[in-house]
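**Q** Okay, sequence plus prediction incoming.
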Amino acid sequence: MNKLTWSVIVAFTLGGAGCQWQPMQMTRVSDGKPDAANPPAPTPAAPASPAAAPKGPEGPSPIEQALELSRKLKQAEEDVEHLSQENKDLTEQNAKLTMQTAQATMELGQAQKELQDANVMLREMKTELNNWKANVLGFRDEMRTAQAAQLDGLRRVLRLLGAEEMPAVTTKPSKPTTMSSAGAGGGSK
């Protein structure tokens, strides 16, 4: 046990035994004559036996009170130790969570940057895809008009050679475009 515990036990034991503590008064000795103004303090008389000790109100004796306080002190020390350990554990857990939060924040920032870059790239790809679609549809119309011009030219050649004439089959493009007029002139030369 520590000094405080023993001090408390001794104080209660002495108090329970009827001892009254009073500070000693210092007397001044001058020329061997006692000072008449300050007589020495009376010393308390010790009781002859523990049975003659003054008894307080009914209840636990001072020794029992000292033991109870000692038990409460021990319990409080255990509680303080337990709470100190719990505080230490919570502090360590808080430090770990703080580090995890910092790492997650960095990863989140990096992921957001990557997502922004990916969105920019997807927009560019969508624009290129739409341009490609327009070009393919435009080339399809050009190809149709070029094929029609080739068929017309082939029909003329066959007519010159004296082949039987067949009814003309015409194919119309599904969507009129402005590019179709450029391809028609190239096939009839």
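**A** Perfect, thanks for sending it.
**Q** Show me where the chain has its helices.
**A** Secondary structure of the chain (DSSP state H): helices at 3-16, 62-161, 180-187.
**Q** Could you measure from Lys133 over to Arg140?
**A** Lys133 sits 10 Å away from Arg140, taking CB to CB, to the nearest Å as the criterion. Heads up, the C-betas are built off the backbone N, CA and C, glycines and all.
**Q** Give me the more crowded residue out of these two.
**A** Using other CB atoms under 10 Å as the criterion, Lys133 and Arg140 rank with Arg140 on top: 16 against 10.
**Q** Which secondary structure element of this structure has the lowest mean pLDDT?
**A** One helix or strand of the chain scores below all others by mean pLDDT, DSSP states H and E: helix 180-187, with a mean of 44.
**Q** For Val8, grab the count of nearby residues.
**A** Val8 has 15 neighbouring residues, counting by other CB under 10 Å.
**Q** and it, what does it touch?
**A** Applying CB atoms under 8 Å, 6 or more residues apart in numbering, one finds that Val8 lies in contact with 66, 69-70, 73.
**Q** Weed out the non-buried ones from these.
**A** Buried subset of these (neighbour count, 16 or more other CB atoms under 10 Å): 66, 70, 73.
**Q** Isn't the last one up against Thr5?
**A** Think Leu73. Yes - counting by CB atoms under 8 Å, Thr5 is a contact partner of Leu73 at 5.8 Å.
**Q** Give me the residue ranges of this structure where confidence is low.
**A** Filtered on pLDDT under 70, the chain yields the residue ranges 1, 14-57, 165-189.
**Q** switch the cut-off to 50
**A** Counting by pLDDT under 50, the chain contains low-confidence ranges at 48, 52, 176-189.
**Q** mind listing what's buried in stretch 97-108?
**A** Judged by neighbour count (16+ other CB under 10 Å), stretch 97-108 contains no buried residues.
**Q** typed the wrong thing, it's stretch 135-142
**A** Of the residues in stretch 135-142, those with enough neighbours to count as buried (16+ other CB under 10 Å) are 138, 140-142.
**Q** Brilliant, that's me finished.
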